[in-house]
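*Asks:* fold the following.
(chains A and B)
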2 protein chains.
Amino acid sequence: MTQPAFVLVRPQMGENIGAAARAMWNFGLDRMCVVGPRDGWPNSRAVAMASGAGRLLDEARLAPDLPAGIGEADFVYATTARPRGLTKPVFTPEAAMTDARARLARGEKVAVLFGPERAGLENDDIIRANAIISVPVNPAFASLNLAQCVLLLAYEWGRQTTEVAPERLELGGTEPAPQHEVERLAGHWEGRLDTAGFFFPEAKAAGMKQNFRNLWSRMPLTRADVQMLHGALRQMVRWKERGTPDAEQATDAPER
Amino acid sequence: MTQPAFVLVRPQMGENIGAAARAMWNFGLDRMCVVGPRDGWPNSRAVAMASGAGRLLDEARLAPDLPAGIGEADFVYATTARPRGLTKPVFTPEAAMTDARARLARGEKVAVLFGPERAGLENDDIIRANAIISVPVNPAFASLNLAQCVLLLAYEWGRQTTEVAPERLELGGTEPAPQHEVERLAGHWEGRLDTAGFFFPEAKAAGMKQNFRNLWSRMPLTRADVQMLHGALRQMVRWKERGTPDAEQATDAPER
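*Replies:* Predicted structure coming up:
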């Protein structure tokens, strides 16, 4: 899939370049450009920090200055932490990635600029961008570092482009119990509890049975759960029978 | 506003606890609980790393074990990086924070669990949670650290609860130009360029004027831009007149 290029402008510490690469690759982004890195290029500390995302550094485009870093991008976003007194559209990360997707879909190339660790992009950089991206942080406390800023933009990209069910049920090697198995479980418990004298007093028995049966059917039970609940009940019966040797044998429990 | 508690379960390095506090406070979250921190509590390295978010550590609840850490929470989410073979609902961060907001709105207390750095939450922890949160990372590369995972959940909370215009125009001490000022600017340029012989050949002049006027009106000009464009044109005229002393005096330009 076409994707935005992430342009690190005059990054200082190699570790942060490596961390940025990892942040990107977590969300499938692998087009990095490095503009005038302070400690030269390639950077062994960046490589060490990138670990599994080292390919991004190998393939990163190295540019001597920002105009070269922007390259052939049709639309450029500049990430900033604070207002700059420049007249410029300001996007949230969400709106920016929506905008970027639309531009990429119609064949444009887009780039996102990230500034140096200490002070971020200079106004001289920002005037080369078409728009600003500002993460709406706590006005009383804005402290995102370079890799975190990269991570949030990459996350937004991934959130909008990755098809994932918002909620799903993870099944540990089993499957949801069909309703007839739940029905059989409910009958097993009701029968045994009835024999055990649980549904007392008589006047309340019908309501109690209803509540008990409703409990089973509103639980998201798996087949494994149902087997376990049958087994637990059978074991209670065996335990009871060991204690009273003259008790009648359990017969209504389904055996495996 | 009521908010979820973020519960760090058996965190190892103080630096990561401090970084988690910062990540939370960036998005206005300040309810932290620390369960059995490896290096004791309080932790000076956590405090040093938290810097401006130190208050979260001062006010953090310290719990000896997970049941105490969960405390009175009505609903508990466990963050995990990989499937665990447990049967459990799995939410995206987005769906989880939507669910958490709904629960908080109806008076429930919610908690989000984050595991230790090395291996994350154990299944023994996860079975105490009602649901799992899994960040949909690149299946080929999942490498979010503790503070990054906290950051993404905090960001999702902030994204859904903070009222921010998705796109706005930052104005550097000026305001958008009213249309009559743009009209006057267009007239000024058209007049001067006409005198300068720009609209040539005659047959194309009308179309060129139309295009030129359209250029001004589709630009998002500020009053400051308009003044600057008047000034630039006046200066070009002065420059021309210095070169040719007998030229007529500029009169149609609005002077400040």
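*Asks:* ok, for A:Ser44, nearest residue in space, not its chain neighbours?
*Replies:* A:Gly14 (7.0 Å; Cβ to Cβ, 6 or more residues apart in numbering or on different chains). The C-beta positions use only the backbone N, C-alpha and C, and glycine is treated the same way.
*Asks:* packing partners for the least confident helix or strand in chain A by mean pLDDT?
*Replies:* Lowest by mean pLDDT, DSSP states H and E among the helices and strands of chain A is strand A:167-170, with a mean of 87. Packing partners of strand A:167-170 (3 or more Cβ pairs under 8 Å, 6 or more residues apart in numbering or on different chains; DSSP states H and E): strand B:88-91.
*Asks:* any chance you could map the helices in the stretch 151-256 of chain A?
*Replies:* Along the stretch 151-256 of chain A, the segments classed as helices by DSSP state H, counting those that start in this stretch run A:179-195, A:202-218, A:223-243.
*Asks:* how about those, which one is nearest B:Gly173?
*Replies:* Of all these, helix A:202-218 sits nearest to B:Gly173, with 60.9 Å by Cβ to Cβ.
*Asks:* so what does the closest one touch, helix or strand wise?
*Replies:* Helix A:202-218 packs on helix A:179-195, going by 3+ Cβ pairs under 8 Å, 6+ apart.
*Asks:* orientation of the helix it packs on relative to helix A:202-218 in degrees?
*Replies:* 150 degrees (axes from the mean of the first three to the mean of the last three Cα atoms, to 10 degrees).
*Asks:* give me the contact list for helix A:179-195.
*Replies:* A:177, A:199, A:209, A:212-213, A:216-217, A:221, A:223, A:226, A:229-230, A:233, A:236-237, A:252-254 (Cβ atoms under 8 Å, 6 or more residues apart in numbering or on different chains).
*Asks:* and for stretch A:19-32?
*Replies:* The contact list for stretch A:19-32, computed with Cβ under 8 Å, 6+ apart, reads A:3-8, A:11, A:46, A:49-57, A:59-61, A:114, A:146-148, A:150-151, A:154-155, A:157-158, A:162, B:137-138, B:141-144, B:148.
*Asks:* which of these are buried?
*Replies:* Neighbour-count burial (16 or more other Cβ atoms under 10 Å in any protein chain shown) applied to the contacts of stretch A:19-32 gives A:3-8, A:11, A:46, A:49-50, A:53-54, A:56-57, A:60, A:114, A:146-148, A:150-151, A:154-155, A:157-158, B:137-138, B:141, B:143-144, B:148.
*Asks:* of those residues, which belong to helices?
*Replies:* A:46, A:49-50, A:54, A:56-57, A:146-148, A:150-151, A:154-155, A:157-158, B:148 (DSSP state H).
*Asks:* check which helix or strand the residue lying closest to A:Met13 once chain neighbours are set aside maps to.
*Replies:* Closest residue in space to A:Met13, ignoring its immediate chain neighbours: A:Glu117 at 6.4 Å, by Cβ to Cβ, 6+ apart. When elements are assigned from DSSP states H and E, A:Glu117 belongs to no helix and no strand.
*Asks:* pretty sure A:Glu117 is touching A:Pro11, no?
*Replies:* Yes - under the criterion of Cβ atoms under 8 Å, A:Glu117 makes contact with A:Pro11 at 7.0 Å.
*Asks:* the closest residue to A:Ser143 other than its chain neighbours: what secondary structure?
*Replies:* With sequence-adjacent residues excluded and distances taken as Cβ to Cβ, 6+ apart, A:Ser143 is closest to B:Arg22, at 5.2 Å. Secondary structure, DSSP: H, G, I helix; E, B strand; the rest coil: B:Arg22 is helix.
*Asks:* and for B:Arg22, the neighbour number?
*Replies:* 24 (other Cβ atoms under 10 Å in any protein chain shown).
*Asks:* again, but for A:Glu175
*Replies:* The number of residues near A:Glu175, taken as other Cβ under 10 Å, comes to 11.
*Asks:* tell me how many other residues crowd the closest residue to it other than its chain neighbours.
*Replies:* Nearest residue to A:Glu175, sequence neighbours excluded (Cβ to Cβ, 6+ apart): A:Arg223, at 5.8 Å. Other residues lying near A:Arg223 total 15 when counted by other Cβ under 10 Å.
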